[in-house]
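Colleague: mind looking at a prediction? Sequence and model below.
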Amino acid sequence: GLGSCAPTRYYKPLEKGQHAVSGSFGGPLINVPGIAPMPIPFTSLGYGYGVSEDATLYSHWHSTAAAFGVWQFDLGGSYRLWKKENMGVSIAPTFNFLVDQFDTDFRWYPQLDANYYWEYKKEGEKVNDFYAGFDNWFDPQSQLAHGQPNTNRWIWNTHVGHTFNRNNWSYQLELKVLAPYLNNNVVVDYISPFGDRGGIGFYFGIT
């Protein structure tokens, strides 16, 4: 499930000195017996600050994980590498930290995202964004749960999304393709166009 917890963070950096508070909902699509296909309801809350016109620092707390006994939070930054008129490219290095509240087990995962965004505007409207990119999780742990050897040190996902911007609010919708090369026959019944590999994630964010 690495990288499936939340939508993309700050693919376009905030303005210098700008503060932002955000929340997100959604996750991989699964079959829930007796109900319907639905995204896992992962939730997170976060804060971002525009350090400069091209750099933003952020941190998020994952509230669903906390409800199930894992303190999970991330700390990272977004940096714009290139901008031209209404488009740009950014990268976002992040550290993810997880602590089991019951076993006091600690794990950390470096992450590096790369994103392209395109701004567009209709007459009389605020600027909205399309974006696409990759997120890459790196797993330094030698063992998985239950002492199993870790054979996947690099886990990648790809995503596309759209953000609707208003005066003080932004609304984000995102679709992720999650690890389409990994077996998904674990824990729950994942829905995937790749059969027994990978998954599809749907996310909603508000800032």
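Modeller: The structure has been received and is ready for your questions. Numbers count the residues shown, from 1 in each chain.

Colleague: drop to CA atoms for contacts and neighbour counts, all remaining ones
Modeller: Fine.

Colleague: got any ranges where the chain has weak pLDDT?
Modeller: For the chain, applying pLDDT under 70 flags the ranges 1-3.

Colleague: can you map out the helices along it?
Modeller: 63-67 (DSSP state H).

Colleague: all strands of this protein, in order?
Modeller: 19-31, 37-39, 43-50, 55-61, 70-84, 87-100, 106-120, 128-138, 154-165, 170-183, 197-206 (DSSP state E).

Colleague: do you know how far residue 32 is from residue 183?
Modeller: According to C-alpha to C-alpha, to the nearest Å, residue 32 and residue 183 sit 19 Å apart.

Colleague: got it, and residue 87?
Modeller: 36 Å.

Colleague: tell me which of the two has more neighbours.
Modeller: residue 87 (16 against 13; other C-alpha atoms under 10 Å).

Colleague: check contacts around the residue lying closest to the more buried one once chain neighbours are set aside.
Modeller: Spatial nearest neighbour of residue 87, chain neighbours left out: residue 118 (4.4 Å); criterion: C-alpha to C-alpha, 6 or more residues apart in numbering. Counting by C-alpha atoms under 8 Å, 6 or more residues apart in numbering, residue 118 touches 86, 87, 88, 129, 130, 131.

Colleague: now those residues as JSON lines including distance to residue 161?
Modeller: Below are the contacts of residue 118 laid out as JSON lines (distance: C-alpha to C-alpha, whole Å):
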{"residue": "86", "distance to residue 161": "16"}
{"residue": "87", "distance to residue 161": "15"}
{"residue": "88", "distance to residue 161": "15"}
{"residue": "129", "distance to residue 161": "8"}
{"residue": "130", "distance to residue 161": "6"}
{"residue": "131", "distance to residue 161": "5"}
